[in-house]
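>>> Kindly return the folded structure for what I paste below:
(one chain, ligands or ions: 2)
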Amino acid sequence: MATPTHLNSCSSTTFTASSSFVIVPRKPHSFTWVSHSQTRLRIHSKTHFHLKSSNGHPINTVSLQDGSAGTPLPKKHVESRGKEGSLPSPESDNSESSLSITVVGASGDLAKKKIFPALFALYYEDCLPKSFVVFGYARTKMTDEGLRNMISGTLTCRIDKRENCEDKMDQFLKRCFYHSGQYNSEEHFVELNKKMKEKEAGKLSNRLFYLSVPPNIFVDVVRCASLRASSENGWMRVIVEKPFGRDSESSGELTRCLKQYLTEDQIFRIDHYLGKELVENLSVLRFSNLVFEPLWSRNYIRNVQLIFSEDFGTEGRGGYFDNYGIIRDIMQNHLLQILALFAMETPVSLDAEDIRNEKVKVLRSMRPLQLEDVVVGQYKGHSKGGKSYPAYTDDPTVPKDSLTATFAAAALFINNARWDGVPFLMKAGKALHTKRAEIRVQFRHVPGNLYKRKFGTDLLDKATNELVLRVQPDEAIYLKINNKVPGLGMRLDRSDLNLLYRARYPREIPDAYERLLLDAIEGERRLFIRSDELDAAWTLFTPLLNELEEKKIVPELYPYGSRGPVGAHYLAANHNVRWGDLSGEDS
Ligand SMILES: NC(=O)C1=CN([C@@H]2O[C@H](COP(=O)(O)OP(=O)(O)OC[C@H]3O[C@@H](n4cnc5c(N)ncnc54)[C@H](OP(=O)(O)O)[C@@H]3O)[C@@H](O)[C@H]2O)C=CC1
Ligand SMILES: O=C1O[C@H](COP(=O)(O)O)[C@@H](O)[C@H](O)[C@H]1O
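Numbering: from 1, shown residues only. Ligands and ions are numbered 1, 2, ... in the order given. This next block holds a predicted model:
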């Protein structure tokens, strides 16, 4: 296994977090009220912008808040949100504040594909403050115009609201600027700071940095940005992309280094799966529907399956991937976060800390993972229909003898009263037959089922209910139920109660990055990973990852475009489970 490229130690320059901020007197929070809806709604007004965070809190507009990171809104405002006519007075808005967003690593793939398009979408939807600028920062030499040309190709307007698309793009691009610099040069960040100040024109300035760079650069950037380009009178927040370490030790070191310059409140560790619509809806489904919450335990749920598959390999990202593998890339973060959300107890409230407190309890209650609970695989080359597909090790950036897993399946258990004995099966793989992410909940059998002989087939599994949340593509929630086939006889089959999002909600679903960027701007931390959650996630996976690496476990080969290694079926069978996605009914 390659040596971690992650983080060796913090930068030699050490400053405490407080050394990088100017303390200024507090000003009152400024609020806007937002009406309740399934979707984000803004109240259009000539003088104020109005945002709504993803937990439904009204947002603090760009305002000076506690310390440098800002805090979510005080409870009384959250509670008053639902009351028609309880708008705070316009005087409380701070229309003199500005927002500067710096995308560090602006020349890269993620910035182009996701971050700039998400920022544009927020602008298009009037979710950004009146006074905002976007800076791209990277080493590549580029002019402002060069950046605009580069990103203009990836900006898109909502299909359902095409009005003024071109104009909006032009207006957005005019607010985008570029600064070329080294990631470890304080001097270059001083220059960036100067440019930002010019654009901020003396307004109260809030600054958001998005670290879209490889992780070995995180600490340098945070050091330079916090020392030389943090806001003097508003907040500074930093969004950190994964991977957050490669094991418990490196993750702890990364957190320790970042905290030399930032407080926990300023660090927004992004897991973009938490920003996906169906993952957001998981808690709504459970906690606001009486028909589901009482079933949410070992008493009724037989197993839970968290499935991620991609129908392409590591194309272009082999260098990164080989050092991490699928367990670190998908399971330790995206799937485990979903598991925690799924299994948590009812939080005290929708506040970020209440939710994260419950999630972390789940993560800390996980049974340690054993080698026999896991199957690993790696895709091999395959030819189909005259087309040949490469093996993982054909990637020029991957060593020929790599043992890195591109597929893994695991059986996890939560040692608590609610979930005792219930297998949570995870499966994640690249170069499989389909692109899909879903949560499947298989319920227990109906005791003494009166109708068990009335099925076309006598397979017991066929007669159980299954709830599926299809995260992507084609977002849907469906429940498999047993139903009488119409007619004079009495025959049952399995049917779906199907909520297909595109049929029910014609509105385009925002990309996860839009939601998460907006939340970071608003200081809403609910969908970001707290450091104790991260520690618990690594505590679960690190011993297993070490064992896989120390014992040089050879992954089972599976053909590119297949359904993955057969070992995954045996693993499931060991726990009396059949993978729902392979049942043939909706695979
Ligand atoms: N791409 C994706 O789909 C996803 C990416 N991520 C994470 O987001 C971050 C950014 O991803 P992505 O855009 O793909 O990354 P890139 O490899 O494209 O890197 C982004 C930019 O960082 C600079 N850079 C790259 N390598 C180095 C290096 N060794 N030393 C210094 N600078 C370097 C380059 O800019 P320049 O040379 O101009 O300075 C590059 O354009 C990473 O942490 C990645 O793991 C997370 C989820 C998905
Ligand atoms: O974090 C990652 O996610 C992507 C998949 O994201 P999606 O939103 O397109 O489902 C994955 O391809 C990548 O390997 C991983 O780093």
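
>>> Nearest residue to the one residue in the stretch 201-350 of the chain that gets nearest to ligand 2 in space, please, no chain neighbours.
Nearest to ligand 2, among the residues of the stretch 201-350 of the chain, is residue 329, at 4.8 Å (Cβ to the nearest ligand atom). (Glycine included, C-beta is placed from N, CA and C.) Leaving aside its sequence neighbours, residue 329 sits nearest to residue 321 (Cβ to Cβ, 6 or more residues apart in numbering; 6.5 Å).

>>> Surely residue 476 is in contact with residue 504?
No: shown here, residue 476 and residue 504 do not form a contact pair, counting by Cβ atoms under 8 Å, at 9.3 Å.

>>> Of the two, which one has the most company?
residue 476 (21 against 12; other Cβ atoms under 10 Å).

>>> Could you report the separation of the more buried one from ligand 1?
According to Cβ to the nearest ligand atom, to the nearest Å, residue 476 stands 24 Å off from ligand 1.

>>> mind listing the strands for the stretch 451-587 of the chain?
For the stretch 451-587 of the chain, the strands defined by DSSP state E, counting those that start in this stretch occupy 466-472, 476-484, 492-500, 528-529, 556-559.

>>> can you check the stretch 201-350 of the chain too?
Ranges of strands in the stretch 201-350 of the chain, per DSSP E, counting those that start in this stretch, are 204-211, 236-240, 267-270, 301-309.

>>> Is it possible to get CSV of those that adds mean neighbour count?
Below are the strands of the stretch 201-350 of the chain laid out as CSV (neighbours: other Cβ atoms under 10 Å):
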stretch, mean neighbour count
strand 204-211, 25
strand 236-240, 25
strand 267-270, 24
strand 301-309, 22
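
>>> got the ones you listed as a markdown table, with mean pLDDT and distance to residue 120 columns?
Shown next, in a markdown table, are the strands of the stretch 201-350 of the chain (pLDDT from 0 to 100; distance: least, Cβ to Cβ, whole Å):
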| stretch | mean pLDDT | distance to residue 120 |
| --- | --- | --- |
| strand 204-211 | 97 | 14 |
| strand 236-240 | 98 | 17 |
| strand 267-270 | 98 | 18 |
| strand 301-309 | 98 | 27 |
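
>>> Which among those is found nearest to residue 100?
Nearest of the strands of the stretch 201-350 of the chain to residue 100, taken as Cβ to Cβ: strand 204-211 at 4.9 Å.

>>> That closest one to strand 236-240, inter-axis angle?
In terms of direction (axes from the mean of the first three to the mean of the last three Cα atoms, to 10 degrees), strand 204-211 departs from strand 236-240 by 10 degrees.

>>> what packs against strand 204-211?
For strand 204-211, the elements it packs on are strand 97-104, helix 186-200, helix 218-228, strand 236-240, helix 512-522, judged by 3 or more Cβ pairs under 8 Å, 6 or more residues apart in numbering; DSSP states H and E.

>>> at 7 Å what do you get?
strand 97-104, helix 218-228, strand 236-240 (3 or more Cβ pairs under 7 Å, 6 or more residues apart in numbering; DSSP states H and E).

>>> Now do the contacts for residue 165.
By Cβ atoms under 7 Å, 6 or more residues apart in numbering, the residues touching residue 165 are residue 157.

>>> Please state the backbone phi and psi of it?
Dihedral pair for residue 165: phi -60, psi -50, per degrees, to the nearest 10.
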